[in-house]
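Colleague: Prediction below, plus the sequence it came from.
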Amino acid sequence: MNDSIALRADGLYKVFGKNADDAVRRLRDGSSRDDLGGATAAVIDASFEVKRGEIFVVMGLSGSGKSTLIRALNGLQPATAGTVEIGGDSVTGASTSQLRDLRRHRVSMVFQHFALLPHRTVIDNVAYGLEIQGKSKDERLARAAEITKVVGLSGWEEKHPSQLSGGMQQRVGLARALAADTEVLLMDEAFSALDPLIRREMQDQLLELQDQLEKTIVFITHDLNEAMYIGDRIAVMRDGRIVQIGTPEEILTSPANEYVEQFVQDVDRTKVLTAESVMRKPRAVIHDGSGPHAALSTMRDEQMSAAYVIKRDRSLVGWVTDRDVLDLVRKGEKSLTSAIQTDHGAMSKDTALAELFIPSLEAALPLAVTDDKGRLVGVVPRVTLLATLGGEPEAATSAIARVDPLPTEVVDKALDSSTEKGGV
């Protein structure tokens, strides 16, 4: 297995009932899920890879097979056909002792209903997996104390589960899985039993922990918004089959079929799509070494009232307006420096659209989008944001600046006059 791949499923089937092997054969030959002679196919020909450090979300409605799938990944449900590998080692076909060792050291699980030991304190629940691994008491308590602090349960170490809220109990379950320090973390509807506000808090905390710990996580959910929020990639299941795998943006903007399209139609696009997904090539860009004459000509040609100024390596310097540059032309100035405004308010290409609306309303230009080196890579016109909000991200391809450009004849007259006087 490629070192970058933590988990792989290939042609995975799970069939319940009699004659399961025959049912797999019939499915491979094209039979439908409803024509298996009494057998029930929960997972059908599932194939995917999960990269190290990735949150891979499997989502679908009740009965789609997602919970059976995750249990097949650690052998809790033995596969009928196909293979599962974790870190290159086979799960399917492993002996009882091999599976026991796998669950102790390679993969841990967080359940929907917490599964805490009621007679144990928080610290002892968190340390339980380390106890199963055979760690010494001092070692497991030290590790448990460290992880308890990480998940925000400091001060609750000696409490029992009955003394905790639902959200706190789930933090204990998460801490127990993290304390085991396994390669892969499986989370089966881990937050679905929580109230909406607590659920969002847990989602945020999971993402914060992932930034620190970079675990490989397979997360099961029936909630599309949750999948879109936390997933690096999403596998959509229907009737036992994976019908599409992609990033949240790919699932939202390029649904594989009508089922996925209907599934995502009510998603808040502004929280999923990013500046990079809707940005356009800037219409007017000026190098900082250009003179006022060249800058004004560029804005005139593009019918823009303002333009971004960049360095030769495309790093963003600021922006200028046609009126300010026109003043420089009339004065015979040879540099743009005094007219450049540096409050460009550039956004990262990973910024969610929801965070762009207010800055867009306040900007004199389409919002600048920069990469991690501060280079201008695109702009987001206000009209594009509005079109995306209405579900039509391709409806607008450009936008003029908020202030109307100077009349062409005014610019031409100033440039001609400057040229006659020997200006720039």
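Modeller: Okay, I see it.
Colleague: which residue ranges form the strands in the stretch 101-250 of the chain?
Modeller: 107-110, 184-188, 216-221, 233-238, 241-246 (DSSP state E, counting those that start in this stretch).
Colleague: Out of those strands, which gets the lowest mean score?
Modeller: In terms of mean pLDDT, the lowest-scoring of the strands of the stretch 101-250 of the chain is strand 107-110 (a mean of 88).
Colleague: Sheet partners, orientation included, of it?
Modeller: Strand pairing for strand 107-110, using DSSP bridges, gives strand 184-188 (parallel).
Colleague: what residues does the partner strand touch?
Modeller: Strand 184-188 has contacts (CB atoms under 8 Å, 6 or more residues apart in numbering) with 6-7, 50, 67, 70-71, 73-74, 86-87, 106-112, 177-178, 215-220. In this view, the C-beta of every residue, glycine as well, is placed from N, C-alpha and C.
Colleague: Save the strands of the stretch 101-250 of the chain as JSON lines, and put in distance to Val126 too.
Modeller: Compiled in JSON lines, these are given as follows (distance: least, CB to CB, whole Å):
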{"stretch": "strand 107-110", "distance to Val126": "12"}
{"stretch": "strand 184-188", "distance to Val126": "14"}
{"stretch": "strand 216-221", "distance to Val126": "18"}
{"stretch": "strand 233-238", "distance to Val126": "29"}
{"stretch": "strand 241-246", "distance to Val126": "33"}
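Colleague: Please identify which helix or strand holds Tyr259.
Modeller: helix 258-264 (DSSP states H and E).
Colleague: Please list all residues in contact with the closest residue to Gly152 other than its chain neighbours.
Modeller: Setting aside the residues directly before and after it, Gly152 is nearest to Arg171 in space (CB to CB, 6 or more residues apart in numbering), at 6.4 Å. If a contact means CB under 8 Å, 6+ apart, then Arg171 has 151-153, 202, 205 as its contacts.
Colleague: what's the helix or strand containing Asp22 packed up against?
Modeller: With elements taken from DSSP H and E, the one containing Asp22 is helix 20-28. For helix 20-28, the packing partners by 3 or more CB pairs under 8 Å, 6 or more residues apart in numbering; DSSP states H and E come out as strand 5-16, strand 40-51.
Colleague: Quick check: which of these is nearest to Leu367?
Modeller: Leu367 lies closest, by CB to CB, to one member of the helices and strands packed on helix 20-28: strand 40-51, at 31.4 Å.
Colleague: got the buried residues for the helix of greatest length in the chain?
Modeller: For the chain, the helix that runs over the most residues, judged by DSSP state H, is helix 196-213. In terms of neighbour count (16 or more other CB atoms under 10 Å), helix 196-213 has its buried residues at 198-199, 201-203, 205-206, 209-210.
Colleague: try stretch 141-156
Modeller: Those would be 141, 143-145, 147-148, 150-151, 153, 156, for stretch 141-156 by 16+ other CB under 10 Å.
Colleague: Let's verify Leu361: helix, strand, or coil?
Modeller: Following DSSP: H, G, I helix; E, B strand; the rest coil, the label given to Leu361 is helix.
Colleague: give the contact list for it.
Modeller: Arg382.
Colleague: measure it to Gln341 for me?
Modeller: Applying CB to CB, to the nearest Å, the value for Leu361 to Gln341 is 18 Å.
Colleague: One more: Arg8?
Modeller: 52 Å.
Colleague: now Gly75
Modeller: Separation of Gly75 from Gln341 (CB to CB): 62 Å.
Colleague: who's more crowded, these two?
Modeller: Gly75 (21 against 14; other CB atoms under 10 Å).
Colleague: helix/strand/coil for the more buried one?
Modeller: The assignment at Gly75 comes out as coil when based on three-state DSSP.
Colleague: you'd agree it is up against Leu99?
Modeller: Yes - the pair Gly75 / Leu99 is scored as a contact, 4.5 Å apart, by CB atoms under 8 Å.
Colleague: any shared contact partners between these two?
Modeller: Val91.
Colleague: could I get the helices and strands packed on helix 20-28 as TSV with mean pLDDT?
Modeller: Converted to TSV, the helices and strands packed on helix 20-28 look like this (pLDDT from 0 to 100):
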stretch	mean pLDDT
strand 5-16	95
strand 40-51	95
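Colleague: Gly82 is nearest to which of these?
Modeller: Per CB to CB, nearest to Gly82 of the helices and strands packed on helix 20-28: strand 5-16, 3.7 Å.
Colleague: re the thing from before, now, of the contacts of strand 184-188, which are buried?
Modeller: Neighbour counting by 16+ other CB under 10 Å classes 6-7, 50, 67, 70-71, 73-74, 86-87, 106-112, 177-178, 215-220 among those as buried.
Colleague: Spatially central residue for the chain, please.
Modeller: Nearest to the mean C-alpha position of the chain, counting by CA atoms, centre = their mean, stands Asp232 at 4.3 Å.
Colleague: ok, now how distant is that one from Ile245?
Modeller: To Ile245, Asp232 is 11 Å away according to CB to CB.
Colleague: rewinding a little: between the buried residues of helix 196-213, which is nearest Val320?
Modeller: Top of the list for closeness to Val320, among these and by CB to CB, is Gln210 at 41.7 Å.
Colleague: so how far is Gln203 from that closest one?
Modeller: The gap separating Gln210 from Gln203 is 11 Å, by CB to CB.
Colleague: got it, and Lys334?
Modeller: Taken as CB to CB, the span from Lys334 to Gln203 is 55 Å.
Colleague: okay but Ala46 is in contact with Val243, surely?
Modeller: No - taking contacts as CB under 8 Å, Ala46 lies outside contact range of Val243: 10.8 Å.
Colleague: Looking at those two, which is more packed in?
Modeller: Ala46 (26 against 17).
Colleague: Count the neighbours of Glu214 for me.
Modeller: Applying other CB under 10 Å, we find 11 residues neighbouring Glu214.
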